[in-house]
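> generate coordinates for the sequence data below:
(3 chains)
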Amino acid sequence: MYPSDKMKMAAPGCFPGRYSPTYRGPDQMRRCMTNPSGDLFSGLNDGLLSRAEALAAVDMQKHQSSHAAHQQMTQQLKHDVMYHHGMGAPPQRPLQAKNMFQMHGMENLDLMSDPSSSMTTLTPMTETPITSSHHQLHGSYHSMNHMMSHHHHGGPLSGHTPGSHHSAMAAAVAAASLHPDQDTDPRELEAFAERFKQRRIKLGVTQADVGKALANLKLPGVGALSQSTICRFESLTLSHNNMIALKPILQAWLEEAEAQAKNKRRDPDAPSVLPHGEKKRKRTSIAAPEKRSLEAYFAVQPRPSGEKIAAIAEKLDLKKNVVRVWFCNQRQKQKRMKFAAQH
DNA sequence: ATGCATGAGTG
DNA sequence: ACTCATGCATA
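Below is the predicted model:
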């Protein structure tokens, strides 16, 4: 069972029954139905591959994702040794839905005790213009608004909040998870994401700012997030579960930020010690032709066996690991809200 | 905004 | 080995 499965089913007080059946994914199902004889893929020889590739390549120009595969192969990939790289910042991944309320200690880069400072020391605003209309939020949002409206200064991004406040916010976050229907509804998520983005921009805060500011909220188990994740939340390019898990947190931040925005204040101080350079990771780039081939393969078999991956890798002259990861990422991509939830 | 990558957790 | 949540690097 995967972590998220636990959350879906057990949801120990966190997100009771908020798992939408529609999202009950293809692969979870797939995993149940084994493919004894094997494989529509073991016979994937060069000829077949080429044909599939050609066909899929053509087909691909019409519509992106194809759901050609329904079965899973016997897994036989060997463990590949991934290359590592020295990173400057400590890895943070505390927001897995399952342990959101279980973790405690958090590292937090406190370079955002003041809004003004943060704005001058961090990434400049590079947001695209807001487009759509306002959406209305109900329920948990209002109740939380009430709970948190009595707040103080420190700037939208500040984390200097008294303990009593924290519990209030924690309660708010918890309360927000009390309305599964509403929080699980893709439409509600979409509406919130849109509203979140608009109000964030109105506050003059970048996606990166929000990510770092989250650590300052000091909610149990909630650390900082990257610009990437905030961006993905706003654009609904996260899994349904991920969206649901992040919503209450971002909602809490938004309320806090807006509350503090009201009691305007000024504060000049602001150190910003940005990290020093370690060896930077180099990003592999798969050329267009190879990418097209991969997509073609994927259309035929989204879950190729280790051997198939090796074969594909060799044919395309790519590292096996690169191919494997590509397929993993492609599968994840299929599950993103935008494509998974049809609305 | 998004592509390729890592690591934790699971089986 | 896989899924899932996330992130660095980059287009």
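> do the longest helix anywhere in chain A and DNA strand B meet?
As assigned by DSSP state H, the longest helix anywhere in chain A is helix A:240-262. No - judged by Cβ under 7 Å from any atom of the strand, helix A:240-262 stays clear of DNA strand B, getting no closer than 11.4 Å. Yep, even glycine has a C-beta here, placed from its N, CA and C like the rest.
> give me the mean pLDDT for that helix.
For helix A:240-262, the mean pLDDT works out to 94.
> doesn't A:Ala257 make contact with A:Leu203?
Yes - if you go by Cβ atoms under 8 Å, A:Leu203 and A:Ala257 touch, sitting 5.5 Å apart.
> neighbour count: those two, which is higher?
Taking other Cβ atoms under 10 Å, A:Leu203 and A:Ala257 do not tie; A:Ala257 has more neighbours (23 against 18).
> just checking, that one touches A:Ile201?
No - applying Cβ under 8 Å as the test, A:Ala257 and A:Ile201 come out as separate, 11.8 Å apart.
> near DNA strand B, which residues of the stretch 201-343 of chain A are found?
A:207, A:227-228, A:231-232, A:234-235, A:237, A:281, A:283-286, A:291, A:321-322, A:325-326, A:328-329, A:332-333.
> switch the cut-off to 6 Å
Residues of the stretch 201-343 of chain A lying near DNA strand B by Cβ under 6 Å from any atom of the strand: A:227-228, A:231-232, A:235, A:237, A:283-286, A:322, A:325-326, A:329.
> separate out the buried members of the residues you listed.
Neighbour counting over those (16 or more other Cβ atoms under 10 Å) leaves A:Gln227, A:Cys231, A:Arg232, A:Thr237, A:Val322, A:Trp326 as the buried ones.
> could you give the number of residues near the closest residue to the first one other than its chain neighbours?
Spatial nearest neighbour of A:Gln227, excluding adjacent residues (Cβ to Cβ, 6 or more residues apart in numbering): A:Ala208 at 4.0 Å. Residues contacting A:Ala208 under the criterion other Cβ under 10 Å number 21.
> helix, strand or coil: sort out A:Ala208 for me.
helix (DSSP: H, G, I helix; E, B strand; the rest coil).
> measure it to A:Ala224 for me?
Counting by Cβ to Cβ, to the nearest Å, the gap from A:Ala208 to A:Ala224 is 10 Å.
> swap in A:Ala288?
For A:Ala288, the distance to A:Ala224 - Cβ to Cβ - is 35 Å.
> returning to what we had before: now render the buried ones among the residues of the stretch 201-343 of chain A next to DNA strand B as TSV, adding pLDDT and distance to DNA strand C.
As requested, these are exported to TSV (pLDDT from 0 to 100; distance: Cβ to the nearest atom of the strand, whole Å):
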residue	pLDDT	distance to DNA strand C
A:Gln227	98	6
A:Cys231	98	8
A:Arg232	98	7
A:Thr237	96	8
A:Val322	97	12
A:Trp326	98	11
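> can you add secondary structure and give those back as JSON lines?
What follows is these, written out as JSON lines (three-state DSSP):
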{"residue": "A:Gln227", "secondary structure": "helix"}
{"residue": "A:Cys231", "secondary structure": "helix"}
{"residue": "A:Arg232", "secondary structure": "helix"}
{"residue": "A:Thr237", "secondary structure": "coil"}
{"residue": "A:Val322", "secondary structure": "helix"}
{"residue": "A:Trp326", "secondary structure": "helix"}
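> secondary structure element holding the residue of the stretch 101-250 of chain A at minimum distance from DNA strand B?
For the stretch 101-250 of chain A and DNA strand B, the shortest gap (Cβ to the nearest atom of the strand) falls at A:Ser228, measuring 3.5 Å. Using DSSP states H and E, A:Ser228 falls within helix A:227-234.
> re the thing from before, the longest helix of chain A packs against which elements?
When contacts are defined as 3 or more Cβ pairs under 8 Å, 6 or more residues apart in numbering; DSSP states H and E, helix A:240-262 packs onto helix A:3-9, helix A:140-148, helix A:163-176, helix A:180-184, helix A:186-202, helix A:207-217, helix A:227-234, helix A:337-340.
> is that helix up against DNA strand C anywhere?
Yes - judged by Cβ under 6 Å from any atom of the strand, helix A:240-262 and DNA strand C are in contact via A:Asn241, A:Asn242, A:Ala245, A:Leu246.
> possible to save those residues as CSV with neighbour count?
Supplementary listing: the residues of helix A:240-262 next to DNA strand C in CSV, determined by neighbours: other Cβ atoms under 10 Å:
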residue, neighbour count
A:Asn241, 25
A:Asn242, 20
A:Ala245, 23
A:Leu246, 24
